[in-house]
Structure formats: C-alpha cells, structure tokens
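[1] coords please:
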Amino acid sequence: MRRLTRQAAWLCLVLLAAPAASARAGTPEEEARPFATFCTAIHTRMEGNEAEALRLLEAALELDPYSAHIHIHLGRLYESGMEDHDKARSHFQAALEIAPGDFRASYGIARWLLRQRKYEEARDLILEAVDRPQAILPPETLGDAFRELATRAHALGRLDEAAEFYEQAARRTRRPAYVLLCLGRVYRQMDKPEQAVDSFRQVLRYAPYFAHTHREISDTFRQMGEWAPAFDEFIAYMDHRHGPGRQMRLIREASQLAINARKLDEARELQQELLDQLLVTYSPNNASAHQCKDIAHILRQMGRHERAVPYLEKAVQSADADLKPPLQMELAELYEELGRTEDAVRTLDRAIEAIEPAGSVRYRAQKSAILEAAGEHERALDALLDILDIPGQEAVGHDHIGRFHGRRDATSEAIRHLTEAVRLAEPVESGRYRIHLSRALAHADQAEEAEEVLVEARRILPDDPAVNNALGWFYAERGIKLAEARRLAEKALAVEPRNPYFMDTLGWIHFRLGENQRALDKLRRAAAMTDDSTIHEHVGDVYKAIGQQDKARRYWLRALEIDPDRESVRRKLDDIED
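    Numbers count the residues shown, from 1 in each chain. From the prediction side, this is the model:
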C-alpha cells in the first residue's frame, strides 16, 4: 500500500511537471531525456537521497537549461536540503527570467531577501508578482508567502502590514488556524480587541483542540475590562480536554478573575478548591515563605483570619531580610483585622527598625492608620510627627498630618499642614499635595481658594491625569463649568482609560449635563471595576433620576454595604421607602 501511494505521488508530480518542464522545443526524444531525468530526481528526493537528487537535477538542467521548473526545484533543494541560499537564489532568479509569471520563483527570491533582513524589498517583490497579469498564483504558495511577510512585519512592529498579510494568508490557506491565531495577537497589540476576539473565535472553529485559544480570548477580554467573559473563557481553557487542568496557579488566577467579574460564589468555590489543595500539601512547618504567604492570602480572602495567622507569621520568620518588611506590613494588617492592635503596632515597629529611614514612611503611616482606627488618636498623630524628623520627607509628613487632621474635622490644622506640604515639595511633585489641600479648603467652604489651588496645579502639571481629574470633579460636584469639566475628565481618561475613579468623574459630569445614558455607561463600568461607595451611590442617583427606583435601591444598598456610615445614602433610601 505504501509503495502504491508513493508511486501515485510520483506520477502526480510527473504530470504536474510536464507542461512546464521546458521552454525549448525539440524532438520527442530530446524532450523526453531531461523530463525523465527530472522525474527520477524528484522520485529520488522523495526517497530521502538529496545528494543524488541534486546530481540528477543538475544533469536535467544541462539537458534543458531553459526549464524554469527545474531551476525552481534546484533552488528549493539548495535552500532546504543543502542550505546554500546563494545558489538557491541564483536558480530562482534564472527561473524568473525564463518564466516571469511563475510566482514560485518570485517567492524563492523573496525568501532569500527575508533572510538578508531586506523586508521591504521582499514585500515589494511579492506584491509586484501578485499584480503581474500573467502570474500563476498557487493559493497555498501565495498563502505561505503572505504568512512569511506577516511574520517578519510583526517582528519589526509594523502591525498594520502584519494584520493585512495575515488576513491575506488566512484566505488562501486550507488550515488557517495558526495564521488566525497570529492575526488575533496582532489585533490585540493594535488595541483592536473586538477584532482579536473574532479572529480567535475563528481559530476555534477550524481547530477546536487549540485549548490555549481560550486563554488568548480571556486575555483579550481582560484588556477590554470585560471580566465576566474573561472568567468564562479562562475556565474553558482550564477545563478543555487538551488544556492544562486545575493547576493551583491557574485556580488562583481564575479566582481573581471571578472576583473582578463580581462572580463571588464562583470565586469562593475556586478559593476553597485551591485552599483544599494547599492545606493537604502544606502546613506552616513544611511550607516555604512564599507558599505560606499565598495560603494566608487565600485564608484572609475567605474571612478565615485566625487560620491565616500562623502561615503569615511563618512567612515573616522565613523570609529574607529584604522581603521581611512587606510581609510584616501584611501581618500587621491581619492583626488589625483580628483587633490585635498592639501586636500590629509591634510588628510595624520591627519593620521600621529594620529599614532605612526614608523607606519607613509608609510603615509609619500604616501604624498611624491602625492606631487611628483603634481610637488611639494621640499615638496615631505621634507616629506621623516622627516622619517630620526624617531628612527629605518633611513634605510627605505634613501631607499625612494634614489629612489626619482633615479626618478629625480639624480643618484649620489640616489646611496649615497641607499648605506646608505644598510649600516644601518640588513643584513637579506637588500635584497630590495640592489636590489634598484643595479638598481641605473646599471642606472649609473656601471654594474660591480651593479652585485656585487646583488651577495652579494644572499650570504646573498640565498633563497630570490626577490633577485634571481633580479639577474636573471640583467643577462637576458644583455643577459649574461643565464643558471644561468634561474636557478635563476626558483628558485624564485618555492617559488612564481603565481608572474607575476617572470614569466616575466623567459619568457624573454626563449626569450633570442631563446625558443620563452616557452617565450610566461610565458609572456602571466604574462600579463593576471597584467597590467604592461613592461610585455605587452615583449609579443609584442616575437610576433614581430616570425613574428606575428598584435599580437605584440596589446600588444604594451596595454603597451602604461598602460604607455603613454613609448617611447620604441612608437618607435617599428613606426617601424612596416613604
């Protein structure tokens, strides 16, 4: 059977070669000799004897030096079998001179040019060959040529050309799955996620066994901020019969996607699945510092804080000196969640002692926050005052102290310290301090001064997204200069298009302008990205304005879950209940 198949293939090659074997007329016997030699060479190469095939092809060429077909086969043999690319090019060039319409010759020269890193010359040669009126264009060969051009264009960062050539290759290839996969990746790099998803979906139609394609689709949905389909595709990737299975690292990733998608039941199930695997394998005694940290993180997410303590304590004990302070910060936060304030403070004090003074600022600020939450306001303030004694950290110290006083409604002290922070900071570093000062001034009913501070911040930092958003929000909150507010918010979002707080600002501006549907589009997307009580309250406000009280109530209740002390939401709920 194998011999019969081989003979059939050889016969097909002979028949295909016959019309183009020679461009020179002669007697039947003269024409038969090179043709027979050529066919024997092809058969010999199929048998794996490339050296003998080369000898026979050279002999056939001596008998018929004007055969483009023989030149092309010699070029291919020198190219792939002998790896003598210069000789290959000379034969492809000879074939092109004999038969200008034979695309295989142009493609052979183009491959040589690509190896010489002459992409533009290769591209122009292929496109010129395609446009020739007398061109013979075998679809598969043309598809291969476009694929090679696309691959090189992609490597050079010419994404528009890469996408065009991958599209051309996909249309001419019988099995386009891999080409479509590459096309989807190019579209994703071009920030065309919808087209990328469509391309990846086509891959699955041609090759449903490409499990990793589901991962590609998931990554693309993440790029779009569409967490629910990203989660669904990631699960499809894990559970595919050709996929990786339920590996711990993948379960952890899927759990985070479920949280982002607000699929909390699925997130809990995945966390429990991951936890079961981890706890069966590791205890605090046999786990590494990294493993202990991971297990503690999952236990905390599931609300099992007491169980997390020994794992995180072991992580701190086992960690290298440079990794210990961040873990001590996490351990202090865990102690705080359990109401163990003094343990949290002692843990942070050890971290502060171990690192250089400038690096200790955030640890001192965290210590202050824990003490403040426990009602230890004097000790909390002392922790912040210590920052003022660190050389070069005076501005950030005054900023922390000013915000502390602001939370305590000591407005004049807040303004004094925040003004000092702005004065001490370098202008280009003063943006966030000016934003904090503006808020304190606005809280003190000094709106004009607050606006002046933000306008000055914009003068110094005209492209800073946080500053632009802050001034846009200032105008939106007061319902003034809304056109300018929209311009500022849009400018901020152009820099950080997935920032939910910037989305909230622009959504609220749309609401103030009476553009309720546009407001909902932005605000709902922002609410889906973060648990912020203000954003959820805003979504409820828009729904209330358009008469959908049930939806308004749902978002307001969620705002209260996030921040139970939000009195403005309680009043709104009381109003609709009445």
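[2] alpha carbons only for contacts and neighbour counts from here, please
    Noted.
[3] contacting residues around residue 428?
    460-461 (C-alpha atoms under 8 Å, 6 or more residues apart in numbering).
[4] so how far is residue 107 from the residue nearest the centre of the chain?
    With distances taken as C-alpha atoms, centre = their mean, the residue of the chain nearest its centroid is residue 223 (5.0 Å). The gap separating residue 223 from residue 107 is 37 Å, by C-alpha to C-alpha, to the nearest Å.
[5] Repeat that for residue 309.
    From residue 309 to residue 107 the distance is 66 Å (C-alpha to C-alpha).
[6] and those two? which has more neighbours close in?
    Shown here are residue 309 and residue 107; by other C-alpha atoms under 10 Å, residue 107 has more neighbours (23 against 20).
[7] So which elements touch the helix or strand encompassing that one?
    Mapping residue 107 onto the secondary structure by DSSP states H and E places it in helix 103-115. Applying 3 or more C-alpha pairs under 8 Å, 6 or more residues apart in numbering; DSSP states H and E, one finds that helix 103-115 makes contact with helix 68-76, helix 85-98, helix 119-131, helix 139-155.
[8] Show the secondary-structure elements that the longest one is packed against.
    Spelled out, that is helix 139-155. Other helices and strands packing on helix 139-155, by 3+ C-alpha pairs under 8 Å, 6+ apart, are helix 103-115, helix 119-131, helix 159-172.
[9] How about residues contacting that helix?
    Contacts for helix 139-155 (C-alpha under 8 Å, 6+ apart): 103-104, 107, 114, 119, 122-123, 126, 159, 161-166, 168-174, 179, 186.
[10] now the angle between helix 159-172 and that helix, please.
    Put simply, helix 139-155 runs at 160 degrees to helix 159-172, going by axes from the mean of the first three to the mean of the last three C-alpha atoms, to 10 degrees.
[11] What mean pLDDT does helix 139-155 get?
    Across helix 139-155, the average pLDDT comes to 90.
[12] Show me the helices in the stretch 301-450 of the chain, by range?
    305-318, 324-337, 341-354, 361-373, 377-385, 394-407, 411-424, 431-443, 447-460 (DSSP state H, counting those that start in this stretch).
[13] which one of these lies closest to residue 37?
    Each of the helices of the stretch 301-450 of the chain has some distance to residue 37 by C-alpha to C-alpha; the shortest is helix 305-318, at 75.3 Å.
[14] Which strands or helices does the closest one pack on?
    Counting contacts by 3+ C-alpha pairs under 8 Å, 6+ apart, helix 305-318 is packed against helix 289-301, helix 324-337.
[15] can you do 6 Å?
    Here helix 305-318 touches helix 289-301, going by 3 or more C-alpha pairs under 6 Å, 6 or more residues apart in numbering; DSSP states H and E.
[16] hey, which helix or strand in this structure has the poorest pLDDT?
    helix 2-17 (a mean of 41; mean pLDDT, DSSP states H and E).
[17] okay, and for the stretch 51-200 of the chain, where does confidence drop off?
    Along the stretch 51-200 of the chain, the model assigns pLDDT under 70 to residues 81-82, 134-135.
[18] one more time with 90, if that's ok
    51-116, 122, 125-126, 128-145, 172-175, 191 (pLDDT under 90).
[19] The stretch 351-500 of the chain too?
    By pLDDT under 90, the low-scoring segments of the stretch 351-500 of the chain are 427-430, 498.
[20] Redo the helices and strands packed on helix 139-155 as a markdown table? Include distance to residue 433.
    Below are those laid out as a markdown table (distance: least, C-alpha to C-alpha, whole Å):
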| stretch | distance to residue 433 |
| --- | --- |
| helix 103-115 | 55 |
| helix 119-131 | 52 |
| helix 159-172 | 41 |
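[21] and among those, the most buried is which?
    Among the helices and strands packed on helix 139-155, ranked by average contacts under mean count of other C-alpha atoms under 10 Å, first place goes to helix 103-115 (a mean of 22).
[22] got a list of what residue 500 touches?
    Residue 500 makes contacts with residue 526, as judged by C-alpha atoms under 6 Å, 6 or more residues apart in numbering.
[23] That one and residue 121, how far apart?
    47 Å.
[24] count of neighbours near the nearest residue to residue 466 once chain neighbours are set aside?
    Spatial nearest neighbour of residue 466, chain neighbours left out: residue 492 (6.9 Å); criterion: C-alpha to C-alpha, 6 or more residues apart in numbering. A count of nearby residues for residue 492, using other C-alpha under 10 Å, gives 25.
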